[in-house]
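Q: dropping the sequence and predicted coords here.
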Amino acid sequence: MNPIMVEVLRGTALESAHRGALAVVDACGRSVLSLGDIERPVFPRSAVKVLQALPLVASGAADTLALTDEELALACASHNGEPGHVRTAAGMLAKAGLDADALECGAHWPGYDVATRALAAQGEQPGALHNNCSGKHAGFLCLACARHGAAGLRGFARGYVNPEHAVMREVSAALQAATDFDLSAAPRGTDGCSIPTFAIPLRHLALGFARVATGRGLASEHAQASKRLREAVAKAPFMVAGTGRFDTRVMERLHERVFCKVGAEGVYCAALPGQGLGVAIKIDDGNNARAAEVVMAAVIEALVPLQADEPALLRSLSEPTLRNWNGIEVGRLRASAALRGALSAQSAAGAM
């Protein structure tokens, strides 16, 4: 059974707890810290978008289409569907000579309530550009443009979400190479945005992010691509998530010292370039907004040197206060003693 990673307090009493697993490895695959079962394959879902975006840059598509930092960050994003996100995704498609009709991610309302209410107030319905994965899909279509050229692009790109399509084969190959895990033998499902998703052990996911952090172990073109994507996200962190979101808040403050990306069902991954480490988290019950964020905040707090008001920010994320609808404080979340102890021991060892 995996250890308790996060505790939920109501008042001062323990109300519930979240179990999970954590892997921290270096770019050679050496385990720096592990808690729980890090060998069980899990679906990383959106946590691996930066790995899926490697071919976009390595192919030359980013240069050919003159993609901006904002557009590259959006290719790695699970965004809120705010107006800036929508405009940026549309701009990426326009550079490839396409429009929103080419997207095969499906439509849903924006993830940010203000954007949803504004859209509804205008009497509009959400489209594929509002999908939190529209930037990733726009990146896939830009890759298709680089591989096929503008002529006949719509016909070539149609069905790009299918596992056997040339675009998806290239994206999956990049994921396999970065994680050093044979995807042909991995359980495969369909992600919320309709692309294939593969179950990969946390140890291998952490390895992929350690390689993104350092470039070591990647083909040269993918190493250069990972650096460019990290730099783009650090310059445009709003694009990778949005208003009030954990990933945006952390990377707005820590810049290139952390690349972190949430996935569905309690998965979180991060690259820590200064430490040369990759991090992969899975919360057993799939809790994202509370448990997975608390664990990631605690990991960053322990392993990344912080300055000025940064410790206060990370502590507010690793021990957030819970308030009811009247704004009354009713409890808090906290990283478990087992997690804090393991991170403290590793932090002390790393400082020796």
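A: Sure thing, it's come through.

Q: C-alpha from now on. contacts and neighbour counts both.
A: Fine.

Q: angles on the backbone of Ala17, please.
A: Backbone torsions of Ala17, given as degrees, to the nearest 10, read phi -150, psi 150.

Q: all strands of the stretch 201-350 of the chain, in order?
A: For the stretch 201-350 of the chain, applying DSSP state E, counting those that start in this stretch gives strands covering 259-262, 267-272, 277-283, 321-323, 329-335.

Q: got those as CSV, with mean pLDDT and mean neighbour count columns?
A: Output for the strands of the stretch 201-350 of the chain, formatted as CSV (pLDDT from 0 to 100; neighbours: other Cα atoms under 10 Å):
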stretch, mean pLDDT, mean neighbour count
strand 259-262, 97, 27
strand 267-272, 98, 28
strand 277-283, 98, 30
strand 321-323, 95, 14
strand 329-335, 96, 20
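
Q: for those strands, which one sits closest to Thr64?
A: When these are compared by Cα to Cα, strand 259-262 sits nearest Thr64, at 25.4 Å.

Q: for the closest one, which outside residues touch it?
A: Outside of strand 259-262, the residues within contact range by Cα atoms under 8 Å, 6 or more residues apart in numbering are 46-48, 78, 230, 233-234, 247, 251, 268-272, 288.

Q: just stretch 291-306 next, same as before
A: 5-6, 18, 246, 257-258, 266-268, 272, 274-275, 281-283, 311, 314-315, 317-320, 333-335, 340, 343-344, 346-347.

Q: list the contacts for Gln125?
A: Contacts of Gln125 (Cα under 8 Å, 6+ apart): 109, 119.

Q: tell me the secondary structure at it.
A: coil (DSSP: H, G, I helix; E, B strand; the rest coil).

Q: how about TSV for the strands of the stretch 201-350 of the chain, with distance to Leu218 added?
A: Formatted as TSV, the strands of the stretch 201-350 of the chain follow (distance: least, Cα to Cα, whole Å):
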stretch	distance to Leu218
strand 259-262	17
strand 267-272	14
strand 277-283	14
strand 321-323	41
strand 329-335	33
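
Q: and the contacts of the worst-scoring helix or strand of the chain on mean pLDDT?
A: The weakest-scoring helix or strand in the chain, judged by mean pLDDT, DSSP states H and E, is helix 153-157 (a mean of 81). Residues outside helix 153-157 that contact it (Cα under 8 Å, 6+ apart): 98, 102, 141, 144-145, 148.

Q: restricted to buried residues, select those in PyMOL.
A: To isolate the buried subset of these in PyMOL, counting by 16 or more other Cα atoms under 10 Å, use the following:
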select buried, resi 98+102+141+144+145
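
Q: ok, the contacts of helix 153-157 vs Ala223, which is closest?
A: Among the contacts of helix 153-157, and counting by Cα to Cα, the member closest to Ala223 is Ala144, at 20.9 Å.

Q: neighbours around the closest residue to Cys193 other than its chain neighbours, how many?
A: Distances taken as Cα to Cα, 6 or more residues apart in numbering place Cys105 nearest to Cys193, at 4.5 Å, with adjacent residues excluded. Number of residues near Cys105 (other Cα atoms under 10 Å) recorded here: 24.

Q: so is Cys105 in a helix, a strand, or just coil?
A: coil.

Q: that one and Cys133 touch, don't they?
A: Yes: contact criterion Cα atoms under 8 Å: Cys105 and Cys133 qualify, at 6.9 Å.

Q: who touches both of these two?
A: Common neighbours of Cys105 and Cys133 (criterion: Cα under 8 Å, 6+ apart): Cys193.

Q: list the buried ones in the host helix or strand of Met168?
A: For Met168, the host element (DSSP states H and E) is helix 166-179. Within helix 166-179, the residues scored as buried using 16+ other Cα under 10 Å are 166-168, 170-179.

Q: same question for stretch 52-72.
A: 52-62, 65, 67, 69-72.

Q: do the same with stretch 204-212
A: 204-212.

Q: same question, stretch 235-255
A: Here stretch 235-255 shows 235-242, 246-252, 254-255 as buried, counting by 16+ other Cα under 10 Å.

Q: could you do stretch 302-319 as well?
A: Per 16+ other Cα under 10 Å, stretch 302-319 contains these buried residues: 302-304, 306, 313-315, 317-319.

Q: will you turn those into JSON lines that also has distance to Pro187 and pLDDT?
A: Conversion of the buried residues of stretch 302-319 to JSON lines gives the following (distance: Cα to Cα, whole Å; pLDDT from 0 to 100):
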{"residue": "Ala302", "distance to Pro187": "33", "pLDDT": "96"}
{"residue": "Leu303", "distance to Pro187": "32", "pLDDT": "96"}
{"residue": "Val304", "distance to Pro187": "34", "pLDDT": "97"}
{"residue": "Leu306", "distance to Pro187": "39", "pLDDT": "96"}
{"residue": "Leu313", "distance to Pro187": "38", "pLDDT": "96"}
{"residue": "Leu314", "distance to Pro187": "35", "pLDDT": "96"}
{"residue": "Arg315", "distance to Pro187": "37", "pLDDT": "96"}
{"residue": "Leu317", "distance to Pro187": "33", "pLDDT": "96"}
{"residue": "Ser318", "distance to Pro187": "32", "pLDDT": "96"}
{"residue": "Glu319", "distance to Pro187": "35", "pLDDT": "96"}
